[in-house]
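**Q** my questions concern the predicted model and sequence given below.
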Amino acid sequence: MDHFSYKNRVLHCEEIPVAALAEKHGTPLFVYSRATLLHHLRQIQQAFIEVEPLICFSIKTNGNLHLVRFMVEHGAGCDVTSGGELYRALKAGCNGGKIVFAGVGKTDAEIRTALENDILLFNVESEGELMAIAEVAKAMGKAANVALRVNPDLPPKTHIKTDTSVKGVKFGLDIDTVQEFALKVAGHPHVKVVGLHMHLGSPILSAEPYRQGVEKALILIDKLRGQGHRMDSLNMGGGFGIHYRKQEALPASAFAEVIVPGVKKAGCKLILEPGRFIVGNAGVLVSRVIYTKDSGGKHFVIQDAAMNDLIRPTLYDSFHRIWPVAPAATMPAPPADYEADIPGTVKCDVVGPVCESGDFLAKNRALPPLKRGDLLATFSAGAYGMAMSSNYNGRVRAAEVMVDGSDAKLIRRRETYEDLVRPEVEV
Ligand code: LLP
């Protein structure tokens, strides 16, 4: 469920017509719904309430300070994956005790900052990393709490570029050798193995991988406790899928059904790191048609959002629903099925101004006839949209607006050309 809806044939975010936001702030523009963010966070909190989980919002999905602060104010901790994300989490007011730090390449400097801020856990991904954490902690006279991030070697479950729990990817410790590894650090004065971590991949549209993951985790927790490790927490990562096409995603309760019993059995604190589930459908990308053209037997809609604003279609061939912000009276608002052949529509490629053939938001998509100046909404753009944006082709990053009922706040201004060159040094 989200709070984007067509009222009198005009797209609204909560109470505000999206066209008014585009008029005021320009395009391309990310528009977020505060009510949707909260609704999705609450769904996860409710589904897992029985085991009182720590929900660490995965800020790689959308690290806007205002948005992260909103999550923190509503009970979330943060999942970070770099010093930069740690900086954001702390700046957004997140207590170090609610921050977990994943990633295969943590530097000594990042480890030090994390220890200075007494983060809850490092999710450790290699022996080298564990030793580095131990050394930094020793130099600081501290003991670091770590969770072993394990690659559970499950069957493929999502896109090859985002599946993190199949054999042969860079993530996690090999499940076959993790016990030998853990034995080496039992009783270590500067690293305490206190938990297990697993992030299965993203986005996942079935509960089955979580069932299998938890099953493997329980066996391991038992064995690691046998070696003297505390194993207080089980972190099942993020990965809960969302509706990109229609109603294909599961409710949070479906994941809770397979995770909660295992957590109770293990007597662990549950940690989750959802990102997309919370923010994905809480954001749309609004763009304006610049030109249309026909070439090589194809119809192109050239609009002002590009792969530098939303790279998911280019990178993963991802499907995002797209529809005019104010469709003509003869058109549905919105269509029941965005992939159907809707009478009166035209098959087109929705492309941006970037100089790459891979710069598109949709291919071969049935859309109402469009003309210069029309506004389009690309839905489900709240996660991994702005977060993966770039300045490629000298394009400034889009602005971001947060809507709360009939109020809208600019939470990131559009970049300027001056911003583009600011870090460069004149020599
Ligand atoms: N925890 C860890 C350790 C992760 O690596 C990730 C995502 C998450 C949590 C959050 O997963 P989520 O709940 O958002 O599914 N750029 C890709 C997705 C990459 C996911 C990276 N890791 C996309 O746009 O689909």
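**A** In hand now; what should we look at? Residues are numbered from 1 along each chain as shown.
**Q** what's the burial count for the residue of the stretch 101-250 of the chain found nearest the ligand?
**A** Relative to the ligand, the nearest point of the stretch 101-250 of the chain is Gly238 (2.5 Å; CB to the nearest ligand atom). Where you see a C-beta, it was placed from the backbone N, CA and C, and this is true even at glycine. Counted with other CB atoms under 10 Å, the neighbours of Gly238 add up to 27.
**Q** now Phe360
**A** Neighbour count of Phe360, defined by other CB under 10 Å: 21.
**Q** skipping its backbone neighbours, what lies nearest it in space?
**A** Excluding its sequence neighbours, the residue lying closest to Phe360 (CB to CB, 6 or more residues apart in numbering) is Val351, at 4.8 Å.
**Q** next up, the contacts around that neighbour.
**A** Val351 sits next to Phe300, Val301, Ile302, Gln303, Ala306, Asp359, Phe360, Leu361 when contact means CB atoms under 8 Å, 6 or more residues apart in numbering.
**Q** run the last query once more with 7 Å
**A** By CB atoms under 7 Å, 6 or more residues apart in numbering, Val351 lies in contact with Phe300, Ile302, Asp359, Phe360.
**Q** tell me the bridge partners for it.
**A** Counting by DSSP bridges, Val351 is bridged to Ile302, Phe360.
**Q** pLDDT score assigned to it?
**A** You'll see Val351 listed with a pLDDT of 98.
**Q** with Met331 instead?
**A** The model's pLDDT for Met331 equals 94.
**Q** about what we covered before: the residue of the stretch 101-250 of the chain closest to the ligand and Val350, how far apart?
**A** Distance from Gly238 to Val350, counting by CB to CB, to the nearest Å: 28 Å.
**Q** then Ser58?
**A** 28 Å.
**Q** of those two, who's got more company?
**A** Neighbour totals were compared for Ser58 and Val350, and Ser58 leads with 31 against 24 (other CB under 10 Å).
**Q** what about the longest helix seen in the chain, near the ligand?
**A** Ordering each helix of the chain by length in residues (DSSP state H) puts helix 208-226 first. No - judged by CB under 6 Å from any ligand atom, helix 208-226 stays clear of the ligand, getting no closer than 12.1 Å.
**Q** what packs against that helix?
**A** helix 178-184, strand 191-197, helix 252-266 (3 or more CB pairs under 7 Å, 6 or more residues apart in numbering; DSSP states H and E).
**Q** from the ones you listed, which stretch is densest packed?
**A** For the helices and strands packed on helix 208-226, average neighbour numbers computed from mean count of other CB atoms under 10 Å are highest in strand 191-197, which has a mean of 23.
**Q** tell me what angle it forms with helix 252-266.
**A** For strand 191-197 against helix 252-266, the angle by axes from the mean of the first three to the mean of the last three CA atoms, to 10 degrees is 140 degrees.
**Q** make 812 the first number, not 1, from now on.
**A** Right, with 812 as the first residue, what we last looked at is strand 1002-1008.
**Q** name the residues linked to Phe841 by a beta bridge.
**A** Those that pair with Phe841 in a beta bridge, by DSSP bridges, are Leu1096, Glu1211.
**Q** per-domain residue ranges of this structure.
**A** 815-842+1091-1236, 874-1085 (automatic domain parsing).
**Q** measure how far the shortest one is from the centre of its chain, please.
**A** I take that to be domain 815-842+1091-1236. Relative to its chain's centre, domain 815-842+1091-1236 lies at 19 Å (CA atoms, centre = their mean, to the nearest Å).
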